[in-house]
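Peer 1: quick one, what's the 3D model for this:
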Amino acid sequence: VGFEDPGAADDDATAPADDPLTAADLGRELRHTPEVAEALDRMWPVLTPQALLHDLLGAPALIDLAGEGILTGEERAVLHRPRSATLADVVWTDADVPLLDEAAALLGPTRRRAGAEEELRTYGHVVVDEAQDLSPMQLRMLARRSLSGSMTVVGDIAQATGGWAPTSWRQIVEHLPARRGWRLAELTVNYR
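Peer 2: Numbering: from 1, shown residues only. Predicted structure coming up:
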């Protein structure tokens, strides 16, 4: 069944047709509808790095699932922490900083998390001392701070004291930016 405008010209081929609504248009319309946005937030809340880490470390089953084939049962048990009532009650440690940074990198930016306090601060050149004592995750955290990949990394592999002790510089630099390559220079004079 069709309707005709009696005053319309006989040449309907030149009349503009209404553009069909695309999936992208529909999505944009729905996202700007407060009731839909609220429902989506309830169903799929934005996961912050803090919430991710708190949920993971507070659930032995999640730790087991994430660490299976990578960590021993003992190592997985050590990671468990009792859950806090709220994220504001969680006491984060220095050792948590690289974990939170890695989680932020994996989760990526979101429109709702965007803001000055969430921006990753980067530098033109990063200098790292005692690199032999940094874990791979700590090294990746530092690598994310290097805008161009320019870094000076200093250390003595033979003096490694951390839980992760590299046996070569290659094990360290594999976690650093590879955009510019790397060069090993051995110091022949003690600089202290």
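Peer 1: give the next helix or strand downstream of the longest helix along the chain.
Peer 2: In the chain, ranked by residue count with DSSP state H as the criterion, the top helix is helix 96-107. Downstream of helix 96-107, the first helix or strand assigned by DSSP states H and E is strand 126-128.
Peer 1: in the very next helix or strand once past that next one, what's buried?
Peer 2: Per DSSP H and E, the first helix or strand lying C-terminal to strand 126-128 is helix 136-143. Within helix 136-143, the residues scored as buried using 16 or more other C-beta atoms under 10 Å are 138-143. Where you see a C-beta, it was placed from the backbone N, CA and C, and this is true even at glycine.
Peer 1: could you dump these to CSV with distance to Ala185 and pLDDT?
Peer 2: Shown next, in CSV, are the buried residues of helix 136-143 (distance: C-beta to C-beta, whole Å; pLDDT from 0 to 100):
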residue, distance to Ala185, pLDDT
Gln138, 22, 95
Leu139, 19, 95
Arg140, 23, 95
Met141, 24, 96
Leu142, 19, 95
Ala143, 19, 94
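Peer 1: Ala66 against Leu56, yeah?
Peer 2: Yes. Using C-beta atoms under 8 Å, Ala66 is in contact with Leu56, at 6.6 Å.
Peer 1: out of the two, which sits in the busier spot?
Peer 2: Leu56 (18 against 14; other C-beta atoms under 10 Å).
Peer 1: contacts only, for the more buried one.
Peer 2: Taking C-beta atoms under 8 Å, 6 or more residues apart in numbering as the contact definition, Leu56 lies against 62-63, 66.
Peer 1: need those in CSV with secondary structure, can you?
Peer 2: Shown next, in CSV, are the contacts of Leu56 (DSSP: H, G, I helix; E, B strand; the rest coil):
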residue, secondary structure
Leu62, helix
Ile63, helix
Ala66, helix
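Peer 1: what is the longest helix of the chain packed up against?
Peer 2: Here helix 96-107 touches helix 49-57, helix 136-143, going by 3 or more C-beta pairs under 8 Å, 6 or more residues apart in numbering; DSSP states H and E.
Peer 1: coming back round to it: report the two of the buried residues of helix 136-143 separated the most.
Peer 2: The largest separation in the buried residues of helix 136-143, counting by C-beta to C-beta, is between Gln138 and Ala143 at 9.8 Å.
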